[in-house]
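**Q** the sequence and its predicted three-dimensional model are supplied below.
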Amino acid sequence: MDILITGILLGGTYALIAMGLNLQYGVARIMNLANGEILVAGGYFAFIAYTSTQLSPILTIFLVAPLAFALNWLIYRVMLQPLVNRAKNRGQLETDSILATFGLSFIGVGLMLSFFGGDYFSYSFMAVPVELLGSTYGANRVLSFVMAVLMCGALYVWLNWSRAGLSIRAIATAPASARLVGIDVKHLSALAFALGGAVTAVGGALISTYLTLDASTGVVFTLKALIIVIMGGVGDVRGTIVAALLLGILETVVASLLDPGLTLAAAYVMFLGILLFRPQGLFGKKPT
Amino acid sequence: MSLTGTDIRNLFLAALALTICALLPLGDNGYWLGLGVTIAMFTALATSWALFSGPTHYISLATAAFFGVGTYVTGLGIDNLPFWSLVGLAGLIGAILAALVGLATLRLSGVYFVIFTLGLAELVRQVITWVQNNTGQKGLYVLTDLDEAGIYWWLLGLCAIVFLAGWLIGRSRLGFALRIIGDDETVAAHSGINTARAKVLLFMVPGAVAAMTGAILAPRYVYIEPSLAFAPILSFQVVIMALLGGASRLWGPLVGVIPFTFLLEAVSSNFPNQTTLVIGVAFLVIVYLLPGGFVGLLNKIMHRINTRERF
């Protein structure tokens, strides 16, 4: 039972990170492989803010979000927009954006390595036990989960009931047709990309309260987020959340019953299953 | 198969170049031979990588996984089997592994393939580490009488096979089918090409070559452990070298391998902490400045000269 709850707590934060990636891939059509580095950068920010000024990570995220938003908006406008403009078809954009974001990812790792060194970083924030259904869990995990749920909820509401959210969903479904009904695709794509980056960075700040990170762990989170997005279906909020929770539970089960070193292998087995049997995602419809 | 005069001339020139390369260990046995081994290794890896990724545009990051499997084949079998059979065995296992990966992912779009291969080395590494932890075994010692010059000649032989294979594939029905798939997959499917089968078949080539390269290089490491054998950075280096040179020609990757090996060598000996940064910048250079690699640049220059002459 406590394995299940730990898994769900972990999955909540995964859901937030994967939502960030889903916005970037589903709407802006950029497979952002530097996503994990944005996450680690968010974690570093929270770490520095907490160790130098005792600023609570819960407040830090209100600083992290606009900063990450601005940075990602800039990245999209300066580096990725030209690729979108020059691409002749979807495949070429995919290849170009994969290579470009790989470059950004390595540059991110390189910069963080030279600024902060290669050491693991962690800090003790709210490391007190709380009791849930008879077992105890770290308060930081529970708090991160609650924050993640609140933010996923806010995103869900915004995407489903606001005008901008409606336009963004329109772009995700049919980018070419969205232009015809007067949606500013360029502007909203940049917005969605930046928002996705902000969400991911916030996820990083939250995850740093209870996981140990270092400059080069980003790629692991990128992989997990990618697996969740594909499993949940591109552009599908509900699927992303379910997939994230499933991955969180699976990882916790494998880590506590088998070996903590096999978590990524477990995620991979799940990914393989999805590729073989439901490549369109958990709730996706079969393409005709 | 009929050979034209140009073909025979090219084959002759290639054989001549190979002979000259093979003479390197006679001249130097230290720094330059070490560099020669690195260049030969990346030439085999990058050229075979481009054989698959050039026509199909799929970016494979599985090199490190196949390479690591190859080193483990040598590491596990060196006490019982002769070296040459281990290289062959590694190639066979690499090809089978590549076929399995290809069957799972190549029916789908390129993104799935990239993601899957990205984590493949890490997946195999975790499994091997887990097995080692459970059996109490740590690393493997590979002790042979194969010296640096021997490894160099083995790799050179492998390079020759890769180039020959690439040349033959380019002339075959499979190569023709792949060029059509690369241009337009829908057209290829409609003209009766089994696109998934062609892609899987071709993906087996880099899989086998990377595993064989790993098997050949295992004696150089002496001591093998998972984090060394499956270093993911290898996959990225191969991608950069192949694309920097240009994946559209058989000799393209070679043009990228040589300068990038020297660059990495210089950077890692002077600023050892900045290699990741250099790799990152190299990716951006490829995307923004050299989309077709050096080959593309050369084509552009030739085109400009030709059009100028016409006027």
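**A** Good, I have the coordinates.
**Q** going by C-alpha atoms from here, please, whenever you check contacts or count neighbours.
**A** Noted.
**Q** element containing residue 13?
**A** Since no chain was named, I'll use chain A. Following DSSP states H and E, one finds residue A:13 within helix A:2-26.
**Q** hmm, I had chain B in mind actually
**A** Using DSSP H and E, residue B:13 maps to helix B:5-22.
**Q** show me what that helix is packed against.
**A** Helix B:5-22 sits against helix B:148-171, with contacts defined as 3 or more C-alpha pairs under 8 Å, 6 or more residues apart in numbering or on different chains; DSSP states H and E.
**Q** now do the contacts for the residue in the stretch 51-200 of chain A positioned nearest to chain B.
**A** Nearest residue of the stretch 51-200 of chain A to chain B, counting by C-alpha to the nearest C-alpha: residue A:103, 3.9 Å away. Shown in contact with residue A:103 (C-alpha atoms under 8 Å, 6 or more residues apart in numbering or on different chains): B:279-284.
**Q** residues in the stretch 101-250 of chain B within reach of chain A, list them.
**A** Contact residues, the stretch 101-250 of chain B versus chain A (C-alpha under 8 Å from any C-alpha of the partner chain): B:104-105, B:108, B:110-111, B:115, B:119, B:122-124, B:126-127, B:130.
**Q** tell me the pLDDT of residue 167.
**A** I went with chain A, as the question did not name one. Note for residue A:167: predicted pLDDT of 85.
**Q** if you could check chain B rather than the one you did, that'd help
**A** Reported pLDDT for residue B:167: 87.
**Q** and the residue of the stretch 51-200 of chain A closest to chain B, what element?
**A** helix A:90-116.
**Q** equivalent analysis for residue B:39, please.
**A** Assigned by DSSP H and E, residue B:39 belongs to helix B:31-56.
**Q** okay, buried residues for that helix please.
**A** B:33-56 (16 or more other C-alpha atoms under 10 Å in any protein chain shown).
**Q** name the helices or strands packed onto that helix?
**A** helix B:24-27, helix B:148-171, helix B:173-183, helix B:195-221, helix B:233-245, helix B:252-270.
**Q** and the angle for that helix with helix B:148-171?
**A** For helix B:31-56 against helix B:148-171, the angle by axes from the mean of the first three to the mean of the last three C-alpha atoms, to 10 degrees is 20 degrees.
**Q** following helix B:31-56, which helix or strand shows up next?
**A** helix B:63-77.
**Q** after that next one comes which helix or strand?
**A** Using DSSP H and E, the helix or strand that follows helix B:63-77 towards the C-terminus is helix B:83-105.
**Q** how far away from the center of its chain is the helix holding residue B:39?
**A** 5 Å (C-alpha atoms, centre = their mean, to the nearest Å).
**Q** give me the angle between it and helix B:173-183.
**A** On the basis of the same axes, to 10 degrees, helix B:31-56 is oriented at 70 degrees to helix B:173-183.
**Q** could you pull out the strands for chain A?
**A** Taking DSSP state E as the test, the strands found in chain A are A:129-132, A:135-138.
**Q** could you pull up the mean pLDDT of the first one?
**A** I take that to be strand A:129-132. Here strand A:129-132 scores 69 as its mean pLDDT.
**Q** quick one: which helix or strand includes whichever residue of the stretch 1-150 of chain B sits closest to chain A?
**A** Ranked by C-alpha to the nearest C-alpha, the top residue of the stretch 1-150 of chain B for proximity to chain A is residue B:123, at 5.0 Å. Take DSSP H and E as the rule and residue B:123 turns out to sit in helix B:110-135.
**Q** which helix or strand lies directly C-terminal to that helix?
**A** Counting by DSSP H and E, the next helix or strand C-terminal to helix B:110-135 is strand B:140-141.
**Q** for that following strand, name the packing helices and strands.
**A** Packing contacts for strand B:140-141, counted by 3+ C-alpha pairs under 8 Å, 6+ apart, involve helix B:63-77, strand B:223-224.
**Q** neighbouring strands - and their directions - for it?
**A** strand B:223-224 (antiparallel) (DSSP bridges).
**Q** what angle do the helix holding residue B:123 and helix A:90-116 make?
**A** Going by the same axes, to 10 degrees, helix B:110-135 makes 50 degrees with helix A:90-116.
**Q** tell me the mean pLDDT over helix B:110-135?
**A** 83.
**Q** so for that helix, what gets flagged as buried?
**A** B:110-130.
**Q** next one: it to chain centre, how far?
**A** The chain centre lies 19 Å from the centre of helix B:110-135; the measure is C-alpha atoms, centre = their mean.
**Q** for chain B, which residue gets nearest to chain A?
**A** Going by C-alpha to the nearest C-alpha, chain A is nearest to residue B:280 of chain B, at 3.9 Å.
**Q** list the contacts for that residue?
**A** Counting by C-alpha under 8 Å, 6+ apart, residue B:280 makes contact with A:102-107.
**Q** most surrounded residue in those?
**A** residue A:105 (28 neighbours; other C-alpha atoms under 10 Å in any protein chain shown).
**Q** leaving out sequence neighbours, find the closest residue to that one.
**A** Of all residues not flanking residue A:105 in the chain, residue A:34 sits nearest, at 4.2 Å (C-alpha to C-alpha, 6 or more residues apart in numbering or on different chains).
**Q** go on, residue A:28?
**A** The spatially closest residue to residue A:28, leaving aside those adjacent along the chain, is residue A:189, at 4.6 Å (C-alpha to C-alpha, 6+ apart).
**Q** near chain B, which residues of chain A are found?
**A** So far as C-alpha under 8 Å from any C-alpha goes, chain A lies against chain B at A:31, A:91, A:94-96, A:99-100, A:102-111, A:113-114, A:223, A:226, A:259, A:261-262, A:264-265, A:268, A:272, A:275-276, A:279.
**Q** so how far is residue A:76 from residue A:24?
**A** Between residue A:24 and residue A:76 the computed distance is 10 Å (C-alpha to C-alpha, to the nearest Å).
**Q** sorry, back to before: ignoring the adjacent residues along the chain, who's closest to the residue of chain B closest to chain A?
**A** residue A:103 (3.9 Å).
**Q** pLDDT below threshold where in the stretch 101-250 of chain A?
**A** A:124-128, A:131-135 (pLDDT under 70).
**Q** and residue A:27, what does it touch?
**A** Residue A:27 touches A:168-169, A:171-172, A:189, A:192-193, A:235, counting by C-alpha under 8 Å, 6+ apart.
**Q** by neighbour count, which of the residues you listed wins?
**A** Within the contacts of residue A:27, residue A:193 tops the neighbour count with 30 neighbours, counted by other C-alpha under 10 Å.
**Q** distance between the helix holding residue B:13 and the chain's centre?
**A** Centroid separation for helix B:5-22 versus its chain: 21 Å, with C-alpha atoms, centre = their mean.
**Q** pull out the buried positions in it.
**A** Across helix B:5-22, burial judged by 16+ other C-alpha under 10 Å covers residue B:22.
**Q** likewise for stretch B:249-268?
**A** Across stretch B:249-268, burial judged by 16+ other C-alpha under 10 Å covers B:249-258, B:260-261, B:264-265.
**Q** number of residues surrounding the residue nearest to residue A:149 when sequence neighbours are not counted?
**A** Distances taken as C-alpha to C-alpha, 6+ apart put residue A:12 closest to residue A:149, at 6.5 Å, once the chain neighbours are dropped. Residues lying near residue A:12 (other C-alpha under 10 Å) number 26.
**Q** tell me the contacts of residue A:12?
**A** With C-alpha under 8 Å, 6+ apart, residue A:12 has these contacts: A:145, A:148-149, A:241, A:244-245, A:248.
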